[in-house]
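Asker: Fold the following and give me the result.
(one chain, ligands or ions: 1)
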Amino acid sequence: MAVYPLPSSIILNKFSFHPFTSRFFPKPLFYRRFSTTSFSTVPQHLIYGPSLHKGHKIAHQNSDNFTRIFDITALRVPSKLCFSLESKLRGHLLNWPRIRNIVRVPGDDVEDELKDFIGDDSRDDDDETLKLLERRIYGRGEGDGEKMCEVLYRDKLARTFNSTGYVKFENLAKISRPKKKKWKREGNGRERRGNGRSDVSMVEVVEEEGSGDDEDFSGLLGDDFSGRKWSGSTRLLLLDERYANKGIEEMPEAIKAVLKEHNEEESTRLCFEIVRCKLTLFYNYWQMNEVLDVLLPQGMIVPSAFETVGHIAHLNLREEHFPYKKLIAKVVLDKNKPKIQTVANKIDVIHNDYRTMQLEVLAGNHSLVTTVVENGLYFDVDLAAVYWNSRLATERQRLLSCFTYNDVVCDVFAGVGPIAISAAKKVNYVYANDLNPNAVEYLERNCVRNKLERKIEIFNMDGRRFIDSIFASEKARPITQVVMNLPNDAVGFLDSFRGIFRNKHTDKQFTLPRIHIYGFSKVQDPEFDFHEKIRIALSEVAFEVQMHRVRLVAPGKWMLCASFDLPETVAFAK
Ligand SMILES: C[S@@+](CC[C@H](N)C(=O)[O-])C[C@H]1O[C@@H](n2cnc3c(N)ncnc32)[C@H](O)[C@@H]1O
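Answerer: Residues are numbered from 1 along each chain as shown. As a prediction, this is how the structure comes out:
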């Protein structure tokens, strides 16, 4: 163990009370009780950062497959300097995702009664600053007399602030809130925070081979001060994996320079120790794709993406994944809890009239009923019985931006209402229709849930009949916008618009609706292709159509939205 010595003035003061010193710093935990086996299929030097293909695996009978132990080196430094050293040494620290560079291990804090005995000069300044700060925030510092109960203290603050006219309860509540408890309960006993362990990772200091009680700290202070120990609070700064098992002489000059610089400044005289540590990463540390990469046979594509609808994740597994589908689903669930509660797999392409997905629940709770929040609106959906696609949220917003308060919208294929209900919030009135009775039931429920039932009228009929009746109705308000979101078939419904005004007098005031229709195209020029289909469906020679590419639904297959004003010749056709 290589060591930089403490300045002698500090050492004499700190370690003069020898009988207690062995309790200041408990024995580091043993790691040798585990026999460790090296686990690596990929050359370790080729992988940088944490990986399940690196480190050691515990050769325990009951150990899981995903615990990995890494040898690392750490710098033990006084706690008051750990943050400034962290920023100066950042490039040389471990910097692994979700692992803090500064770590606490058991025994890094000195018990208060012992501090009084040994006169810890490292905390004097700190304490004063802390007290000042506490007085400013809480009105009293540690040791300033009887602790005032929270209620009385808040009352006192309220009176003080009131008299100066500054009371603002939000701030008052904040500054007079009881301090967070530093203790947390674990199992039967109490465990102090900062023991280097969580359900994600654990840091343990490794005891040197052959070290006994007397030799434990021989490295800390150099040969002159063997047998003595830290008396102030300390922290570990985890160094980059390159420096594992290295001594201070082998560290880069940059690290030595920072430590030397601290040593030279009288105010920040630095004592530090090079410590060997074990960093254990548990199953909870690893990301979904890392775990699946280990679980699935070599060469198999790791499913890395899934779509979510509320609390449901739906996968689109390939045939090669089928034998592992439950395993994959379990990992997806584990790694995405609590947001995801159900994992299902899409078992067939959508080809039914109601556009519902065929889903097989693989893990979690078996209900496919969920709630989606989109732009502040709530939508209840049952994925087994109705259509929903969260990927269209942006498109729905784009479409809504075309509407104004004066519009009356007619949604021919409304589903559970993502367009119709969002439109109802903005426009004058909405007529919404769907053929699927389940979708209509949820549509009604969602209108009520979003308190918009007075702005929507709901229908459950075939789209063609709906267009006929709504435009023929004497009672219906003049429709200004029509939405037709049934990309596979909507064009086939366009002929229903031919002659919708045939019984109206052309000399009377009438409103020609603007139609927004969705469709797919697989050809080179999808806009031209879709325009042609619309023109043919309306039996119209030429009229202006605005095209928008919504998204690629498959390689080379575009979903498009065409918007156009219904030509007068079509509306009045005989
Ligand atoms: C692609 S979904 C769109 C739903 C909704 N606009 C959305 O964005 O979620 C098409 C909807 O049209 C409905 N549908 C299918 N055929 C229909 C028809 N002939 N008449 C009316 N609705 C129909 C389906 O039940 C489905 O809810």
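Asker: Can you name the residues that contact the residue in the stretch 401-550 of the chain positioned nearest to the ligand?
Answerer: Ranked by CB to the nearest ligand atom, the top residue of the stretch 401-550 of the chain for proximity to the ligand is residue 415, at 2.7 Å. Glycine gets a C-beta too; all of them are placed from N, C-alpha and C. For residue 415, the contacting residues are 355, 386, 387, 388, 434, 436, 439, 443, 485, by CB atoms under 8 Å, 6 or more residues apart in numbering.
Asker: ok, now residue 381?
Answerer: Taking CB under 8 Å, 6+ apart, we find residue 381 in contact with 309, 310, 369, 370, 371, 372, 388, 416, 442.
Asker: That one sits in which helix or strand?
Answerer: strand 377-382 (DSSP states H and E).
Asker: quick one: buried residues of that strand?
Answerer: 377, 379, 380, 381, 382 (16 or more other CB atoms under 10 Å).
Asker: okay, now the closest residue to the last one other than its chain neighbours: neighbour count?
Answerer: Okay, so that is residue 382. Distance criterion CB to CB, 6 or more residues apart in numbering; nearest residue to residue 382, sequence neighbours excluded, is residue 369 at 4.6 Å. Residue 369 is surrounded by 16 other residues when neighbours are defined as other CB atoms under 10 Å.
Asker: Now for residue 369: which residues touch it?
Answerer: For residue 369, the contact set (CB under 8 Å, 6+ apart) comprises 380, 381, 382, 383.
Asker: want to try CSV for those, with pLDDT as columns?
Answerer: As requested, the contacts of residue 369 are exported to CSV (pLDDT from 0 to 100):
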residue, pLDDT
380, 96
381, 96
382, 95
383, 94
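Asker: What is the most widely separated pair among the residues you listed?
Answerer: 380 and 383 (11.0 Å; CB to CB).
Asker: And the helices in the stretch 201-350 of the chain, which stretches?
Answerer: Per DSSP state H, counting those that start in this stretch, the stretch 201-350 of the chain carries helices over the ranges 253-264, 288-295, 325-336.
Asker: I'd like to know which residues of the stretch 251-400 of the chain are adjacent to the ligand.
Answerer: 353, 354, 355, 387, 388, 389, 392 (CB under 6 Å from any ligand atom).
Asker: Name the SS class of the second one, please.
Answerer: Three-state secondary structure (criterion: DSSP: H, G, I helix; E, B strand; the rest coil) places residue 354 in coil.
Asker: follow-up on the earlier one: whichever of the contacts of residue 415 end up buried, select them in ChimeraX.
Answerer: What follows is the ChimeraX syntax for the buried subset of those, where burial is set by 16+ other CB under 10 Å:
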select :355,386,387,388,434,436,439,443,485
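Asker: With pLDDT added, can I get the contacts of residue 415 in JSON lines?
Answerer: Conversion of the contacts of residue 415 to JSON lines gives the following (pLDDT from 0 to 100):
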{"residue": "355", "pLDDT": "89"}
{"residue": "386", "pLDDT": "96"}
{"residue": "387", "pLDDT": "95"}
{"residue": "388", "pLDDT": "95"}
{"residue": "434", "pLDDT": "98"}
{"residue": "436", "pLDDT": "97"}
{"residue": "439", "pLDDT": "97"}
{"residue": "443", "pLDDT": "98"}
{"residue": "485", "pLDDT": "97"}
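Asker: Send me stretch 291-302 as PDB with only the CA atoms.
Answerer: Presented in PDB, the C-alpha positions along stretch 291-302 are these (Å, rounded to 0.1, in the frame of the first residue of the first chain):
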ATOM      1  CA  VAL A 291     -29.100  -8.900 -18.900                       C
ATOM      2  CA  LEU A 292     -30.800 -10.200 -22.100                       C
ATOM      3  CA  ASP A 293     -27.500 -10.300 -23.900                       C
ATOM      4  CA  VAL A 294     -26.200 -12.800 -21.200                       C
ATOM      5  CA  LEU A 295     -29.500 -14.800 -21.100                       C
ATOM      6  CA  LEU A 296     -30.100 -15.300 -24.800                       C
ATOM      7  CA  PRO A 297     -28.000 -17.600 -27.000                       C
ATOM      8  CA  GLN A 298     -25.000 -16.000 -28.600                       C
ATOM      9  CA  GLY A 299     -25.700 -14.400 -31.900                       C
ATOM     10  CA  MET A 300     -29.400 -13.900 -31.200                       C
ATOM     11  CA  ILE A 301     -30.700 -10.300 -31.700                       C
ATOM     12  CA  VAL A 302     -31.500  -8.900 -28.300                       C
END
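Asker: And for stretch 308-321, what's in contact with it?
Answerer: Outside of stretch 308-321, the residues that reach it under the criterion CB under 8 Å, 6+ apart are 296, 300-301, 303, 306-307, 325, 328-329, 332-333, 336, 339-346, 357, 359, 362, 368, 370-372, 381, 383, 388, 390.
Asker: Contact residues of this protein facing the ligand?
Answerer: On the criterion CB under 6 Å from any ligand atom, the ligand has as its neighbours in the chain the residues 353-355, 387-389, 392, 413-415, 418-419, 434-436, 439, 462-463, 485-486.
Asker: picking that back up, just curious, which of the buried residues of strand 377-382 is nearest to residue 408?
Answerer: residue 377 (19.7 Å).
Asker: isn't that closest one right up against residue 425?
Answerer: Yes - judged on CB atoms under 8 Å, residue 377 makes contact with residue 425 at a distance of 7.2 Å.
Asker: shared neighbours of these two, anything?
Answerer: With CB under 8 Å, 6+ apart as the test, residue 377 and residue 425 both reach residue 450.
Asker: Which pair of the buried residues of strand 377-382 spans the longest distance?
Answerer: When CB to CB is used, the two most widely separated members of the buried residues of strand 377-382 are 377 and 382, lying 17.5 Å apart.
Asker: quick one on the thing from earlier: downstream neighbour of the strand holding residue 381 in the secondary structure list?
Answerer: Past strand 377-382, heading to the C-terminal end, the next element that is a helix or strand (DSSP H and E) is helix 393-400.
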